[in-house]
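**Q** The following block contains a protein sequence and its predicted model.
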Amino acid sequence: MTDWTHHPVFAQLTAPHQPFARHAVLHDMDVAVSRRNRSPGLAARVHHFVERGVPYFAPNDPQYREWAAKAALLWDELHRRSGAQAQPTPA
């Protein structure tokens, strides 16, 4: 498994400060998939992930960290396929 702890999306989702940043990442993913993505499978996975929302914030919990890693993976896949910048919007 990839170590996502240094990924900017993972860092933003697990940071204890700026709770709205977690929602901003999901919003950015939703906007990006709506504007640029041509892959129905990836779009469905991103929309499903975004629709679930942000789980209870527990940055040291393995399940929360798994969720944040999945967000980083989807973020990279989405931006790799669209050729767009792969940095999240700073909160």
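**A** All right, it came through fine.

**Q** Show me what counts as buried in the longest helix along the chain.
**A** Using DSSP state H to define each element, the chain has its longest helix at helix 62-82. Taking 16 or more other C-beta atoms under 10 Å as the neighbour-count basis, helix 62-82 is seen to contain the buried residues 64-65, 67-69, 71-75, 78-79, 82. Using the backbone N, CA and C atoms, a C-beta is placed for each residue, glycine as well.

**Q** got those residues as JSON lines, with pLDDT and distance to residue 40 columns?
**A** Shown next, in JSON lines, are the buried residues of helix 62-82 (pLDDT from 0 to 100; distance: C-beta to C-beta, whole Å):
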{"residue": "64", "pLDDT": "96", "distance to residue 40": "29"}
{"residue": "65", "pLDDT": "95", "distance to residue 40": "29"}
{"residue": "67", "pLDDT": "96", "distance to residue 40": "23"}
{"residue": "68", "pLDDT": "96", "distance to residue 40": "25"}
{"residue": "69", "pLDDT": "96", "distance to residue 40": "24"}
{"residue": "71", "pLDDT": "96", "distance to residue 40": "20"}
{"residue": "72", "pLDDT": "95", "distance to residue 40": "22"}
{"residue": "73", "pLDDT": "94", "distance to residue 40": "18"}
{"residue": "74", "pLDDT": "94", "distance to residue 40": "15"}
{"residue": "75", "pLDDT": "93", "distance to residue 40": "18"}
{"residue": "78", "pLDDT": "89", "distance to residue 40": "13"}
{"residue": "79", "pLDDT": "83", "distance to residue 40": "17"}
{"residue": "82", "pLDDT": "69", "distance to residue 40": "14"}
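
**Q** Who are the contact partners of the most centrally placed residue in the chain?
**A** Centrality entry for the chain: nearest residue to the mean C-alpha point is residue 71, 3.2 Å, by C-alpha atoms, centre = their mean. Applying C-beta atoms under 8 Å, 6 or more residues apart in numbering to residue 71 gives the contacts 9-10, 13, 25-26, 29, 49.

**Q** By neighbour count, which of those residues wins?
**A** The most neighbours of any of these, using other C-beta atoms under 10 Å, belong to residue 13, which has 27 neighbours.
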